[in-house]
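Visitor: Sharing a sequence plus its predicted fold:
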Amino acid sequence: MIVGIDLGTTNSAIGLWGAHGAELIPNRMGDTLTPSAVSISDGGEVLVGLAARERQSTHPERTATAFKRYMGTKQTCRLGGQTYSAEDLSALVLRSLKADAEAWLGEPVEQAVITVPAYFNDRQRKATRRAGELAGLKVERLVNEPTAAALAYGIHQLDEEQPFLVFDLGGGTFDVSIVEITDGIIEVRASAGDNRLGGEDFNDLLVQIARPSLNLACDPDDARAGRLEELLRAAAERTRRRLSDSDRAEFSIVWEGKLLSTEIEAAEFEERARPLVDRLREPVLRALRDSRIRAEELSEVLLVGGATRMPIVRRAVTRMFGRFPSARLEPERSVALGAAVQAGLKAKDAALKEVRLTDVCPFTLGIGIVENDRKGGTRDGIFSPIIERNTVLPASRVETYWNVYEGQRQIDVAIYQGESRQVTGNVKLGEIKVPVPAGPVGSVTLECRFSYDSSGLLEVDVTVPKTGAVHQLVIVDDPEAATEAELAERRQRLAALKFHPRDDAPNVAALARAERCFEMFLGDRRDHINHMLTAFRNVLDAQDPDRIEVARAELLASLDELEGERFL
Amino acid sequence: MERSVWKRLGIAPTDDARAIKKAYSARLKEIDPDSEPQAFIALRDARDAALAGFGSSGPAPAVEPVRPRTAGITRPEADRDVPASPGPKPEGPGRRPEPGPKPRSPWQIPSIEEHLARISAMLLDPGPDSVDADRLAKEGAALLRHPDMGLITRSEEVEAWLGQVILNAMPRSDVLLAPVIAHFGWVEKAKAWNCPWYVEAAVARARDCRYRDQVLRAHGPAMRALAEPPPPRTNALIAWAVAELLDEIRDDYPGLERDFDPATIAWWDEAIEAQRQRFAFRWLQRLAS
């Protein structure tokens, strides 16, 4: 069974292609969205999802969220005495999703299609693949999120030649793709994005706006600073959601037993958010330019990603295109639904036979060269593109280069990815040192072939026509890349981690939420929550499943009343 | 070659883009791009060649020669001397309105075209008077603030148009450089390997202008000496200052040399050379004595 997984910054979801088309699988809580959060309980057990998210403000030193932003980097975080990379944490989320799917399907799940932002580079894609492998999933294919969203909208069922623009603003990343459909062929014409722009940036901004009027005195070196940051972030998320429907919203936290609160006006938020909103334009422009499609020719603009619920974002999109975008599907779930469609395509489901999908390479790949300048000297480190941005994949391209000085015995071919003229502004993926016969300048040539496939695998073949020697590059994209043995060890380490029992997850989440609320409120309400918590703990100790269910529902209903509905 | 393109697509030669795409779709469904990348690449190349009209002369060569790369900025002289045409411009903006301004009600804002026409008139047909920098700056600011500039396609057309006009009207367009560069984020764009030529030129020109203004503030006499007609005679001090400035301009800001009258530059080069020779002669004299 192949499943489709949306591994998001804020939330993740898992789905499959079933008898009635794409459907999402509910998790242990009964939700189709699982927060991408990992927390280690005091007993050393792993909690994933809502329970972990609820513990974010009460146990920040044991909880990690938004780790997708550090995918493919060496940044690690310590949770409960152990070090985890973003890859490890993603693997834990994937493992939890896999367990949910297996419980729901009653059969093992071994293969998956996982979505990644179109703008993820080679390193980030490899890290995502490894996360899947660490979770015990064979990653059949990585699909770009906008492509998946387009699939969810069913554009593969259209016959007409129609270009769509997918505008995907998630928790941490922003992607724009132009997708065209002709006779059952879905073609991604161009992708562009900003992998450091998302809903979290708007939350940070709200914290910046609110902080001065909260009169918080907390030294950044203070041990409690981390906890305060989490409280502020959670408060910002709530405020941002309320600002979506009203002109003003309260921003409040409880810190050191005092309620600190301020009111934020939508108008002020929008004014201050303008620089963030302005950053939405450039990727849209680049995608349109690369695909040579004018904004008027687009048949629809599809909104994807939770952050597109913000009115300020919707207005910005409307202004850019001079018309209203469509949001028929829930923006948080369309990527996972599309991943499920892709899983069906991969499994060659009969209902989907007629569809073919072609994707593009969202960045330029090339090598560093030496260039003559006009003063007769040479300049090193100039980028020479071989596969240009938004080339259809799989692609294979050859460029010819020659030696720089007479008697050169070795040519260093350094592979880069990026758009900058200077290689220093690009990401280095690897290097190959090619021995060449000595000869006058320009007499020794190299043929450099790049082959790049739709899963983001790059092969470099360098041929020296004079000697007939062929060098194939095994890209060491990361000097400290994990070896097979290390991977096996990490897999073991993760497998040894004990997950909290699945059935108990709703109770843990309810307890974590009640504890968070206990710290959020003061006075009578705090006493009330304390009372409910004790009662609920007593019921849990009695271990009667029916009574636990009733008590949990009561607890959650009271909490809903106190703080408004819970959100994912 | 010609045959293979159409054979691969399985259709007779045609220039109907829709038919080519339909044929491509049909062929694509017969292969699996993931497991047969070579077949896919061949089909894709055939489609691109057919669509690009290369079908009659065979597909584009698979092995491209190394593209010559020219470094540094060499602005074609022709561009500077023919200011009447703003060069290739996108359709839409840039079209002149009917002569004579139409009467308008005060609350109606001028269209983008009207702004473009006025900027174009000021920059490209300045007439006997030199450009009124204040008016030009105001017009530019009004254009960038225009509500229609929110539309992404519109904004891009204007960006390309402004880029061409600014390039062709240098140095008259200097006053527009800073706001336009900031508005469209050209400093960042200039770092890209495929950035448009006018972006690179505008950013380089802005850098030249900043240097010029800075020199004018810090040690103005040398810069002013270059900007004015040659004096009847000069003294050693100012000649050395001019020599130093010219060296720096030629090394680091070569575009700036065009701002000055070539005759003046030649006069100073001569004066500096004479000064150097005098100095060398005196030095030798002192050495001899």
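Guide: Everything's here; your move. Residues are numbered from 1 along each chain as shown, chains lettered A, B, ... in the order given.

Visitor: Going along the chain, name the strands of the stretch 51-200 of chain B.
Guide: Taking DSSP state E, counting those that start in this stretch, the strands of the stretch 51-200 of chain B run over residues B:63-64.

Visitor: before we move on, what about the stretch 451-568 of chain A?
Guide: Counting by DSSP E, counting those that start in this stretch, the strands of the stretch 451-568 of chain A are A:458-464, A:469-473.

Visitor: Ok, which of those comes nearest chain B?
Guide: strand A:458-464 (10.2 Å; C-beta to the nearest C-beta). Glycine gets a C-beta too; all of them are placed from N, C-alpha and C.

Visitor: returning to that earlier point: averaging pLDDT over each of the strands of the stretch 451-568 of chain A, which comes out lowest?
Guide: Among the strands of the stretch 451-568 of chain A, strand A:469-473 carries the lowest mean pLDDT, a mean of 87.

Visitor: which residues does the residue nearest the centre of chain B contact?
Guide: Geometric centre of chain B, nearest residue: B:Tyr198, 2.0 Å, by C-alpha atoms, centre = their mean. Contact partners of B:Tyr198, counting by C-beta atoms under 8 Å, 6 or more residues apart in numbering or on different chains, are B:Ala160, B:Gly163, B:Gln164, B:Ile166, B:Leu167.

Visitor: Distance check, it against A:Tyr401.
Guide: 29 Å (C-beta to C-beta, to the nearest Å).

Visitor: can you check A:Ala327 too?
Guide: 48 Å.

Visitor: Just want to know which of the two has more residues nearby.
Guide: Higher neighbour count among A:Ala327 and A:Tyr401: A:Tyr401, with 19 against 16, using other C-beta atoms under 10 Å in any protein chain shown.

Visitor: Apart from its chain neighbours, what residue comes closest to that one?
Guide: In this structure, A:Tyr401 finds its nearest non-sequential neighbour in A:Leu446, 4.8 Å apart by C-beta to C-beta, 6 or more residues apart in numbering or on different chains.

Visitor: ok, back up a step: I would like a PyMOL command selecting only the buried ones among the contacts of B:Tyr198, please.
Guide: In PyMOL, a selection of the buried entries from the contacts of B:Tyr198 looks like this (16 or more other C-beta atoms under 10 Å in any protein chain shown):
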select buried, chain B and resi 160+163+164+166+167
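
Visitor: Closest one to chain A out of the contacts of B:Tyr198, please.
Guide: B:Ala160 (9.9 Å).

Visitor: partner residues bridging A:Asp168?
Guide: A:Asp175, A:Val304 (DSSP bridges).

Visitor: so who does it touch?
Guide: A:Pro117, A:Glu145, A:Pro146, A:Ala149, A:Phe174, A:Asp175, A:Val176, A:Ser177, A:Val304, A:Gly305, A:Thr308, A:Val335.

Visitor: mind redoing it with 6 Å?
Guide: Residues counted as contacts of A:Asp168 (C-beta atoms under 6 Å, 6 or more residues apart in numbering or on different chains) are A:Glu145, A:Pro146, A:Asp175, A:Val304, A:Gly305.

Visitor: which residues touch residue 171?
Guide: You didn't pick a chain, so chain A it is. A:Thr9, A:Thr10, A:Gly198, A:Gly199, A:Glu200.

Visitor: Actually, chain B is the one I wanted.
Guide: By C-beta under 6 Å, 6+ apart, the residues touching B:Pro171 are B:Asp259.

Visitor: how close does it get to B:Arg207?
Guide: Counting by C-beta to C-beta - B:Pro171 and B:Arg207 are separated by 13 Å.

Visitor: One more: A:Arg130?
Guide: Distance, A:Arg130 to B:Arg207, by C-beta to C-beta: 44 Å.

Visitor: now chain B, which segments are flagged as low pLDDT?
Guide: B:1-3, B:54-108, B:126-131, B:219 (pLDDT under 70).

Visitor: Over to the residue of the stretch 101-250 of chain A found nearest chain B: give its phi and psi.
Guide: Of all residues in the stretch 101-250 of chain A, the one sitting closest to chain B is A:Asp183 (3.9 Å; C-beta to the nearest C-beta). With angles defined as degrees, to the nearest 10, A:Asp183 sits at phi 40, psi 50.

Visitor: How about it: what's its closest non-neighbour residue?
Guide: Leaving aside its chain neighbours, A:Asp183 sits nearest to B:Ser25 (3.9 Å; criterion: C-beta to C-beta, 6+ apart).

Visitor: name the helices or strands packed onto the helix or strand hosting that neighbour?
Guide: Using DSSP states H and E, B:Ser25 sits in helix B:17-28. Under the contact definition 3 or more C-beta pairs under 6 Å, 6 or more residues apart in numbering or on different chains; DSSP states H and E, helix B:17-28 sits against helix B:37-51.

Visitor: Please state the offset of the helix it packs on from the chain centre?
Guide: Mean-position distance between helix B:37-51 and its chain equals 35 Å (C-alpha atoms, centre = their mean, to the nearest Å).

Visitor: same thing with stretch B:40-56?
Guide: The chain centre lies 33 Å from the centre of stretch B:40-56; the measure is C-alpha atoms, centre = their mean.

Visitor: Would you indicate which residues of that stretch are buried?
Guide: Buried, per 16+ other C-beta under 10 Å, within stretch B:40-56: B:40-50, B:54-55.

Visitor: same check, this time on stretch A:130-139
Guide: For stretch A:130-139, by 16+ other C-beta under 10 Å, it's A:Arg130, A:Ala131, A:Gly132, A:Glu133, A:Leu134, A:Ala135, A:Gly136, A:Leu137, A:Val139.

Visitor: go on, stretch B:190-197?
Guide: Buried-residue list, stretch B:190-197, by 16+ other C-beta under 10 Å: B:Ala190, B:Lys191, B:Ala192, B:Trp193, B:Cys195, B:Pro196.

Visitor: Excluding residues flanking it in the chain, which one is nearest the last one?
Guide: What that stands for is B:Pro196. Using C-beta to C-beta, 6+ apart and skipping the chain neighbours, the partner closest in space to B:Pro196 is B:Gly163 (6.2 Å).

Visitor: measure the one you found to A:Asp412 for me?
Guide: 36 Å.

Visitor: Check A:Cys77 too.
Guide: 36 Å.

Visitor: can you list the domain ranges for chain A.
Guide: A:2-197+A:279-360, A:199-275, A:365-467, A:502-563 (automatic domain parsing).

Visitor: right, so those domains: which one is the most enclosed?
Guide: Among the domains of chain A, domain A:2-197+A:279-360 has the highest mean neighbour count (mean count of other C-beta atoms under 10 Å in any protein chain shown), at a mean of 22.

Visitor: Next, the distance between the ends of it.
Guide: Terminal residues of domain A:2-197+A:279-360 lie 23 Å apart, using C-alpha to C-alpha, to the nearest Å.

Visitor: Low-confidence ranges, the stretch 201-350 of chain A, go.
Guide: A:218-221, A:349-350.

Visitor: so where do the strands sit in it?
Guide: With strands called from DSSP E, counting those that start in this stretch, the stretch 201-350 of chain A shows them at A:248-255, A:258-265, A:300-304.

Visitor: right, so of those strands, which gets closest to A:Asp194?
Guide: Comparing the strands of the stretch 201-350 of chain A against A:Asp194 with C-beta to C-beta, the closest turns out to be strand A:300-304 (14.8 Å).

Visitor: Counting by contacts, list what that closest one packs against.
Guide: Partner elements for strand A:300-304 (3+ C-beta pairs under 6 Å, 6+ apart): strand A:162-169.

Visitor: could I have the strand it packs on exported to CSV, CA atoms only?
Guide: C-alpha atoms of strand A:162-169 as CSV (Å, rounded to 0.1, in the frame of the first residue of the first chain):
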residue,chain,number,x,y,z
GLN,A,162,-5.3,25.6,-18.9
PRO,A,163,-2.6,27.2,-16.8
PHE,A,164,-3.1,27.5,-13.1
LEU,A,165,-1.1,29.3,-10.5
VAL,A,166,-0.7,27.6,-7.1
PHE,A,167,0.0,30.1,-4.3
ASP,A,168,1.2,28.1,-1.3
LEU,A,169,2.0,30.0,1.9
